[in-house]
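Visitor: Build me a model:
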Amino acid sequence: MSTDTAPDAAPTEEPSGATSKGPGTTDETGSEPRSEPRSEAAARAAAWAATARAAATGAGATGRARAGSPNGSEATAEATSEPAPTAPSYPGVRDEVPGADEVPGAPADPGTRPRTAALLNLSGLGLGYLHLRAWLRLAVALAATAGLAWVALPIGREPIAVWWAVGYVGALGLFALDAALLARSRARRPAGSTDRRRTTWSPDAAGRVAWATLAIVPLLGTGYAVAQHEVLETHLASDLDRAEASLESTGTVFGPFRETYDAAYATYLGVAADHPATRAADRVPGLIDDLYAQAKTDDPCTGLVVVRHFAEPGTPGPLHEVAQSEIPRALHDCGLRSAEAGNFDMSRTYLSELLADHPASDSALAVPGNLAEWRDGVLKDLSGKNGCTDTRAAAASAGFLAKFESGEVSALSDEAREQVPAELLRCGLQEFERKRYATVVQALTGLVESYPRAKEADYAERVRIAAGIALVDPEAGVRLPARDEPDGTVTLTVYNYSPDPFQMVYTGPATGVVEIDACDDCEYYPEGEQPVCSGYSLTLPSTTITIPAGDYLTATRRDKTVLGWEGKGVDKVSYTADGGFCTWSYRY
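Guide: From the prediction side, this is the model:
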């Protein structure tokens, strides 16, 4: 059984037209041939060609062995058992794949790998297109980045719309995908194609640039966010400072500057609501507290105005609930402060509102006790150095307490009523001795009208009449009426010929007032005329009094005010026997 074996080495083909020369042979000139220096590229090309020829030769031998063997199996084993020929190596030359433009049929340049091109384009600078030398695409990528920069710069107090950022990131994704597809398309083109382009960087350099520039967009985005936040903080701080300065210019006055306070409050709320995650928003709670405290000041009644203002329906923010919760306390404090200042109408208004609208509040429950303490302080000052001032305050406090609808509060006036009449009379007598007749009339009028059932009321009325006559004529010699008057011995009848009611006051051995109803059938008399005083008549009003005999000072009184007689002032008259006189009125 005959077996063919593959040759140990493939025959070497000579280039056409070449003549083989052995050692020691000469060329046509007779000189020995000189070996030309090889370039590195030529060496790589030769090595690659030799390898390819060896592989081709080995394949042909294997085929021949298969053809010469009866069954083909042994020949194939022997042929394939021989080692494949290797390309020759040259000192100092890297064993690399030649460039596609150098050797037809060579693989593509690894520098055009799609992933590298895509990563380069994610830098936002179009580096993938720069690497692939796609100049038009590079211009489009740079234009997109320039457009975003034009929108974002200069940095303002508000960031750019999120859709700009989303659109730009989407554009980067499209650029990256386009670069990857472009790189893959070029890699698949034939090696000898004329439209294959060289890349800007080597494969290793392109990879390093891609990973190094991948952080550009995130870093620039982070830097923009930080810078924009600081710009926003600056603007917000300026807004807060201006609002605070506007409040400082108002001082502690709230009423005329309500709009200023409302504008500042709105600014504070706007900063906190629109930018809650800022340092400026952290300042807002303290600024609102300062605004509220400055508006209320230390005056309870001013504080009540402020509390009512911020408690109005529709007031935004935290001050609305705070003010609503403080209304009972504000009414209580302002009511007591008004009572202490003697402004009883205002005090009663606020305290009555508190008792009616917030009866279960702590402030309302404290009102009776607080008023009792205040009343005791007022009564304690009676008979003090302030004299009539304290007395009038005590009298006013009693009337103030008595007018409350709350039975618990109005009952507080009882104790005051027990002490006030005597103190008012004492005040009137002191002022009479000092000839301060107007003060006497004021003090004793309060006693007579407010405490008509008091035991001091009768004498107080007589002293008031005497003081009123003294006011008309201080030189008339009015004396303080006696507490105990002598019995009357003279009967005096007075007739009224006037269509108006008539009052005559007198003081002397006795002090009092004569009151007569109007005469319905009478008329006013012309000036200079007078009626015939004929005495008793069924249609003529009259009154009769009994007084001690003696000298008297008389005058008229109208609407609680003592007036002099027409053309006489105070009339001095002596009554020693029974008699009478008539009164009438002139037409003016």
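
Visitor: what sits against Pro474?
Guide: Applying Cβ atoms under 8 Å, 6 or more residues apart in numbering to Pro474 gives the contacts 435, 437. In short, each C-beta sits where N, CA and C put it, glycine included.

Visitor: what's the spacing between it and Pro548?
Guide: 25 Å (Cβ to Cβ, to the nearest Å).

Visitor: If you count contacts, what does the helix or strand where Thr544 lies end up packed against?
Guide: Assigned by DSSP states H and E, Thr544 belongs to strand 542-547. Using 3 or more Cβ pairs under 8 Å, 6 or more residues apart in numbering; DSSP states H and E, the elements in contact with strand 542-547 are strand 490-496, strand 512-516.

Visitor: Helix or strand: which one has Leu371?
Guide: Assigned by DSSP H and E, Leu371 belongs to helix 362-380.

Visitor: CA atoms only: put the helix or strand following that helix into PDB for me.
Guide: Counting by DSSP H and E, the next helix or strand C-terminal to helix 362-380 is helix 388-402. Only the C-alpha atoms of helix 388-402 are listed here, as PDB (Å, rounded to 0.1, in the frame of the first residue of the first chain):
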ATOM      1  CA  CYS A 388     -61.400 114.000  94.000                       C
ATOM      2  CA  THR A 389     -59.400 112.300  91.200                       C
ATOM      3  CA  ASP A 390     -59.400 109.000  92.900                       C
ATOM      4  CA  THR A 391     -63.000 109.500  94.000                       C
ATOM      5  CA  ARG A 392     -64.200 110.100  90.500                       C
ATOM      6  CA  ALA A 393     -62.200 107.100  89.300                       C
ATOM      7  CA  ALA A 394     -63.900 104.900  91.900                       C
ATOM      8  CA  ALA A 395     -67.300 106.200  91.000                       C
ATOM      9  CA  ALA A 396     -66.600 105.600  87.300                       C
ATOM     10  CA  SER A 397     -65.400 102.100  88.000                       C
ATOM     11  CA  ALA A 398     -68.600 101.200  89.900                       C
ATOM     12  CA  GLY A 399     -70.700 102.400  87.000                       C
ATOM     13  CA  PHE A 400     -68.500 100.600  84.600                       C
ATOM     14  CA  LEU A 401     -68.900  97.300  86.400                       C
ATOM     15  CA  ALA A 402     -72.600  97.700  86.900                       C
END
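
Visitor: And the longest helix belonging to the chain, what's buried?
Guide: Ordering each helix of the chain by length in residues (DSSP state H) puts helix 216-248 first. The neighbour-count criterion (16 or more other Cβ atoms under 10 Å) identifies 217, 224, 228-229, 231-233, 235-236, 239-240, 243-244, 247 as the buried residues of helix 216-248.

Visitor: domain ranges for the protein?
Guide: By the assignment in automatic domain parsing, the chain contains the domains 1-9+41-107, 114-190+199-214, 230-404, 479-583.

Visitor: so can I have TSV of the ones you listed showing distance to Leu429 and mean pLDDT?
Guide: Converted to TSV, the domains of the chain look like this (distance: least, Cβ to Cβ, whole Å; pLDDT from 0 to 100):
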stretch	distance to Leu429	mean pLDDT
domain 1-9+41-107	133	42
domain 114-190+199-214	78	75
domain 230-404	11	89
domain 479-583	7	88
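
Visitor: Save those as CSV, and put in distance to Leu424 too.
Guide: Compiled in CSV, the domains of the chain are given as follows (distance: least, Cβ to Cβ, whole Å):
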stretch, distance to Leu424
domain 1-9+41-107, 125
domain 114-190+199-214, 71
domain 230-404, 6
domain 479-583, 16
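
Visitor: Can you show me the strands along the stretch 201-350 of the chain?
Guide: Counting by DSSP state E, counting those that start in this stretch, the stretch 201-350 of the chain has no strands at all.

Visitor: thinking again about what came up before, contacting residues around the strand holding Thr544?
Guide: 488-496, 506, 508-510, 512, 514-516, 536, 575, 580.

Visitor: Give the ChimeraX command for selecting the buried subset of those residues.
Guide: To isolate the buried members of the contacts of strand 542-547 in ChimeraX, using 16+ other Cβ under 10 Å:
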select :490,492,493,494,495,496,506,508,509,510,512,514,516,575
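
Visitor: Put the alpha carbons of the helix holding Leu371 into CSV.
Guide: Extracted in CSV, the C-alpha atoms of helix 362-380 (Å, rounded to 0.1, in the frame of the first residue of the first chain):
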residue,chain,number,x,y,z
ASP,A,362,-58.8,80.9,79.8
SER,A,363,-58.8,84.6,79.2
ALA,A,364,-62.6,84.8,79.6
LEU,A,365,-62.6,82.8,82.8
ALA,A,366,-60.0,85.1,84.2
VAL,A,367,-62.0,88.3,83.6
PRO,A,368,-64.0,88.4,86.9
GLY,A,369,-61.0,87.9,89.0
ASN,A,370,-58.9,90.4,87.1
LEU,A,371,-61.7,93.1,87.4
ALA,A,372,-62.1,92.4,91.1
GLU,A,373,-58.4,92.9,91.6
TRP,A,374,-58.5,96.1,89.6
ARG,A,375,-61.6,97.4,91.5
ASP,A,376,-59.9,96.7,94.9
GLY,A,377,-56.9,98.8,93.7
VAL,A,378,-59.2,101.7,92.8
LEU,A,379,-61.1,101.6,96.1
LYS,A,380,-57.8,101.4,98.0
